[in-house]
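Novice: Sequence isn't available, so here's the structure alone:
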Ligand SMILES: CC(C)(COP(=O)(O)OP(=O)(O)OC[C@H]1O[C@@H](n2cnc3c(N)ncnc32)[C@H](O)[C@@H]1OP(=O)(O)O)[C@@H](O)C(=O)NCCC(=O)NCCS
């Protein structure tokens, strides 16, 4: 399965994908104030700032999943509900680990909302280990919003 850099021309489709996948996984977990702030426009604004760090799977203009890095963090991983269980997520996380290792990261980490059990199972089977819980100040258009998260870590093999 091919993983490719995001194309700026597909930012609207990526924002819709991120929105739909976020609500699918978090609408029942997150506080109503946060759910209200997670609009398509809010995801588009955030994507515009990080597009250079985003890779995707799927045809140009019809992405099925996205993965973004920030420093040593696997920052965002979202797959369209129609592509769950198809290997899209596995391809994206393998590529993300390679990109992190290529930038010299030895211990990568990610945050996962407490109660997002499908994602937790996916990370565990991908070799990530839960290292604790913390309160993350999540980015919103209203400023930082506190969300309870699990921290997952994975030690990466150095690039040859
Ligand atoms: C998290 C995500 C990327 C994983 O991709 P995926 O294609 O769904 O992952 P897979 O189907 O390969 O693996 C999911 C595993 O969870 C299991 N699972 C499904 N529903 C579950 C549930 N409610 N509780 C626990 N495990 C569950 C599946 O059976 C599968 O495990 P298995 O392969 O051992 O059977 C994808 O579900 C997604 O984008 N979710 C919405 C956004 C999200 O939550 N992103 C992560 C933010 S931290």
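Specialist: Arrived safely. Because the structure is a prediction, the values reported are computed rather than measured. Numbers count the residues shown, from 1 in each chain.

Novice: When you work out contacts or count neighbours from here on, use the C-alpha atoms and nothing else.
Specialist: Noted.

Novice: Could you name the helices and strands sitting against the helix or strand hosting residue 76?
Specialist: Taking DSSP states H and E as the criterion, residue 76 maps to strand 73-79. Counting contacts by 3 or more C-alpha pairs under 8 Å, 6 or more residues apart in numbering; DSSP states H and E, strand 73-79 packs against helix 11-26, strand 65-70, helix 88-102, strand 107-113.

Novice: Point out the most buried one among those.
Specialist: Among the helices and strands packed on strand 73-79, strand 65-70 has the highest mean neighbour count (mean count of other C-alpha atoms under 10 Å), at a mean of 22.

Novice: Within range of the ligand, give me the residues from the protein.
Specialist: 21-22, 25, 77-79, 84-87, 89, 111-112, 117-119, 121-122 (C-alpha under 6 Å from any ligand atom).

Novice: strand partners of the one helix or strand residue 131 maps to, parallel vs antiparallel please.
Specialist: If you go by DSSP H and E, residue 131 is part of strand 129-138. Strand 129-138 has its sheet partners listed here by DSSP bridges as strand 145-155 (antiparallel).

Novice: Many thanks, have a good one.
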